[in-house]
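In: take a look and give me a structure for this.
(one chain, ligands or ions: 2)
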Amino acid sequence: MSVGMPSPLAPEAVPPSAPLLRVEGLTRHFMVSGTRIDVLHDCTFEVHRGEIVAIVGQSGSGKSTLLSLLGLLDRPSGGEYVFDGVNTSRLGEGPRSRLRGEGIGFVFQQFHLLERRTALANVGVPLVLAGQPALRRRSRSRELLEAVGLGHRLHSKPHQLSGGEQQRVALARALSRDPALILADEPTGALDADSSKMIMDQLLEQARIRDSAVVVVTHDPKVAERAHRVVELVEGRTR
Ligand SMILES: Nc1ncnc2c1ncn2[C@@H]1O[C@H](COP(=O)(O)OP(=O)(O)O)[C@@H](O)[C@H]1O
Ligand SMILES: [Mg+2]
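Out: Ligands and ions are numbered 1, 2, ... in the order given. Prediction:
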C-alpha cells in the first residue's frame, strides 16, 4: 500500500451528523365547543438531511396536523420540536416565520397556486417575501421551471395547465429558496398515475441535488415505497 493511503481497516472518523429535525413527545389537541379533541398524543422521530420519509396512516389520523407542526404553520400543545438546531417552542412569530421561509418548502395536494398569476410569478412568490429584486426573481423562477421541465410554460396561468403541470409549478415554488426540508401533503392525491410518477421523480431528484430532506404524507403505496423510511401514525402516535 502506498504512503498516505488510509488503511481499509481504519474506523470511520466521521461523527454521526445531527438530525435536521427532531420531534419528541409532540402532542396537539383542539378545543371544539368546549370539548377537547386529542389528535396527536406522542410523536417522536428524527429526520436527517438527504432522507426521504413517508408518513402514512388512516384518514383523520393527524397526518396533516403533524405536517403543519413540522412546517411551523402551527404550534404543538406539548412536546419538543427542534429544527435545524433551533428549539422552535421558545421562538416568537418573527423568528419562526424566518426559519420557515428560509428552511422549509411546501407542496400541497391542491397546488395552492395564485389563479391569476403566471407560472413564473407563482414560483417567484417566496422570493417576493424574501425581498429579492424583480430581475433576480425572474431569472431564478425561470431556472426552477426549466428544472422541472416547464421552460415552455413560463407565462401560462394555472387554468391553462394540467394538474401534473400545476403541481410542477408548486414544486418549483417550494424549491425557490433551496429549503433544507421539503414537506409534501398528499402531493399526488389529485393526479393520475403518470403525473404522480413524474412529480415524485422530480421531487426526489431535486431533493437529491440539494441534499434536502423530504417528509411526504401519502395514501399511495407507490409513493411510500420510494421513501427511505415510513413513519406510521396510529391513534395519534408515531411508530
Ligand atoms: N383546527 C382544528 N380544529 C378541530 N379539529 C381539527 C382541526 N384540525 C384538525 N382537526 C381534527 O384532527 C383530526 C386529524 O386531522 P388531519 O390532521 O387533517 O388528519 P389526516 O391528514 O391524517 O387525514 C381530524 O379528526 C380533524 O377533524
Ligand atoms: Mg390530511
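In: can we go C-alpha only for contacts and neighbour counts from here?
Out: OK.
In: show me what the longest helix seen in the chain is packed against.
Out: Looking across the chain with DSSP state H, the single longest helix is helix 193-210. On a contact count with 3 or more C-alpha pairs under 8 Å, 6 or more residues apart in numbering; DSSP states H and E, helix 193-210 meets helix 163-174.
In: again, only this time at 10 Å
Out: If contacts are counted by 3 or more C-alpha pairs under 10 Å, 6 or more residues apart in numbering; DSSP states H and E, helix 193-210 sits against strand 52-56, helix 134-147, helix 163-174, strand 181-185, strand 213-217, helix 221-224.
In: does residue 68 belong to a helix, a strand or coil?
Out: Of the three states, residue 68 takes helix under DSSP: H, G, I helix; E, B strand; the rest coil.
In: tally of neighbours for it?
Out: Residue 68 has 17 neighbours, counted by other C-alpha atoms under 10 Å.
In: shift numbering so it begins at 22
Out: In the new count, where the first residue is 22, that last one comes out as residue 89.
In: is it true that it touches residue 204?
Out: Yes - counting by C-alpha atoms under 10 Å, residue 89 does reach residue 204; the two are 9.0 Å apart.
In: on that earlier part again, with distance to ligand 1 as extra columns, can I get the helices and strands packed on helix 214-231 in CSV?
Out: Shown next, in CSV, are those (distance: least, C-alpha to the nearest ligand atom, whole Å):
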stretch, distance to ligand 1
strand 73-77, 8
helix 155-168, 29
helix 184-195, 19
strand 202-206, 8
strand 234-238, 8
helix 242-245, 15
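In: of all the ones you listed, which one is nearest residue 252?
Out: For the helices and strands packed on helix 214-231, the distance to residue 252 is smallest for strand 73-77, at 4.9 Å, taking C-alpha to C-alpha.
In: packing partners for the closest one?
Out: helix 84-91, strand 202-206, helix 214-231, strand 234-238, helix 242-245, strand 250-255.
In: mind putting these in a markdown table, distance to residue 48 and mean pLDDT included?
Out: Listed next are those as a markdown table, based on distance: least, C-alpha to C-alpha, whole Å; pLDDT from 0 to 100:
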| stretch | distance to residue 48 | mean pLDDT |
| --- | --- | --- |
| helix 84-91 | 9 | 98 |
| strand 202-206 | 19 | 98 |
| helix 214-231 | 28 | 97 |
| strand 234-238 | 18 | 98 |
| helix 242-245 | 24 | 95 |
| strand 250-255 | 12 | 96 |
